[in-house]
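Trainee: need a structure here:
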Amino acid sequence: MASATPAAAGERDELADSLAELFTNVSLMVRGELQGTNNQLALLEKMNDRVAQEYSNYGDVAAGLRVFVEQLNEKNQGFDEYVSQIDAIDQQVTEFEAVVSMLDKHISQLEKKVKSAYHIAPAQ
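Mentor: Numbering: from 1, shown residues only. Okay, here's the model as predicted:
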């Protein structure tokens with residue numbers, strides 16, 4: 001039994017060393033998995049921060065566009081008065097053209113009468 005005890009003790013030491021190595025390797029594997037997960041989470045956090053910054057920039061652009069559109073609307077309302085004045089002038093020009101056309105016809109008739117009277121008078 002004395003010879004069996006040292007062999008059994010050697011097997012136990014070998015078994016204990018193997019189990020210790022197994023636990024160490026499992027611990028390293030778990031630690032590596034956790035580190036990989038932490039790295040992925042850190043990357044995801046950085047991506048979220050970048051997207052949040054981009055959306056913040058979009059918000060700034062949208063606010064600037066809103067101000068720009070409001071200014072354009074104000075200018076457009078200022079032009080409404082001028083557009084109505086231009087429409088009134090256009091209407092007056094149309095009426096003036098009608099009067100000029102009527103006067104032109106009347107002058108043409110008067111010219112014809114004067115020419116016919118001038119041609120008839122010397123012939124008599």
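
Trainee: so where's this structure shaky on pLDDT?
Mentor: Residue ranges of the chain with pLDDT under 70: 1-4, 6-7, 120-124.

Trainee: Remind me which helix or strand Lys75 belongs to.
Mentor: Using DSSP states H and E, the element containing Lys75 is helix 4-123.

Trainee: Pull the distance from that helix to the chain's centre.
Mentor: Distance of helix 4-123 from its chain centroid, counting by CA atoms, centre = their mean, to the nearest Å, is 1 Å.

Trainee: okay, now Gln91: neighbour count?
Mentor: When counting by other CB atoms under 10 Å, one arrives at 10 neighbours for Gln91. To be clear about C-beta, it is placed using only N, CA and C from the backbone, and glycine gets the same treatment.

Trainee: Distance of it relative to Lys105?
Mentor: For Gln91, the distance to Lys105 equals 22 Å [CB to CB, to the nearest Å].

Trainee: Equivalent analysis for Ser116, please.
Mentor: According to CB to CB, Ser116 and Lys105 sit 17 Å apart.

Trainee: Let me know the distance separating Gly64 from Glu54.
Mentor: With CB to CB as the criterion, Gly64 and Glu54 are 16 Å apart.

Trainee: Please disregard the earlier target; I meant Thr24.
Mentor: Using CB to CB, one gets 45 Å for the distance from Thr24 to Glu54.

Trainee: distance of Gly10 from Ala16?
Mentor: Look at Gly10 and Ala16: by CB to CB, they are 11 Å apart.
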